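Asker: With the input below, show me the fold.
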Amino acid sequence: MRVVLQRVKRASVTVEGSVTGAIGRGLMMLIGIDRDDTEDDLIYMAEKCLNLRIFSDASGKMNLSLLDVKGEVLAVSQFTLLGDTRKGRRPSYINAAAPDKARAFYQAFVERIKSYDVKVACGVFGAMMDVELINEGPVTLIVESKPKNANGAGNV
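Answerer: Numbers count the residues shown, from 1 in each chain. A predicted model of the protein is given here:
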């Protein structure tokens, strides 16, 4: 799995002119599912993302997690995060999970996050979406469940 996290003041996603999800302070999560991801990856990623200390404490130091600040999550599936751009001019999506597997993993990931008593808003899997956000900081991180190999790509 690969998740791009953005610490936000607020964020929303719109599909065909209708807002399908909106949050206040929290994390915007763009979620890419790898074809080789397992339940262990899902559990690791949920716990890692929710517990990263990227929110400021009273002295302005990034020392608090999403759980500490009782933040919200906007979860948006994004298979293009698995695009390999190392060769040629067109990204290869060979490492992205097939739609059925990706949908099931995305839904399980959202349920895992909700199990921590976190408010989660969502995009629509597979839809063309417009995402708006106010990135606070800005703070943007890439979190991956698998180590990179010598070529810089996730394990294949």
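Asker: what sits opposite Cys122 in the beta ladder?
Answerer: Ala75 (DSSP bridges).
Asker: Would you confirm that it contacts Arg103?
Answerer: No. Contact criterion Cβ atoms under 8 Å: Cys122 and Arg103 do not qualify, at 11.8 Å. In this view, the C-beta of every residue, glycine as well, is placed from N, C-alpha and C.
Asker: between these two, who's got more neighbours?
Answerer: Just comparing Cys122 and Arg103: by other Cβ atoms under 10 Å the higher neighbour count belongs to Cys122, 18 against 15.
Asker: contacting residues for the more buried one?
Answerer: Applying Cβ atoms under 8 Å, 6 or more residues apart in numbering, we find Cys122 in contact with Val13, Thr20, Gly21, Leu74, Ala75, Val76, Val110.
Asker: hmm, 7 Å instead?
Answerer: Cys122 makes contacts with Thr20, Gly21, Ala75, Val110, as judged by Cβ atoms under 7 Å, 6 or more residues apart in numbering.
Asker: Among those, which one has the most neighbours?
Answerer: Most surrounded of the contacts of Cys122: other Cβ under 10 Å gives Ala75, at 24 neighbours.
Asker: Flag the shaky bits of this protein, pLDDT-wise.
Answerer: Within the chain, the segments meeting pLDDT under 70 span 147-156.
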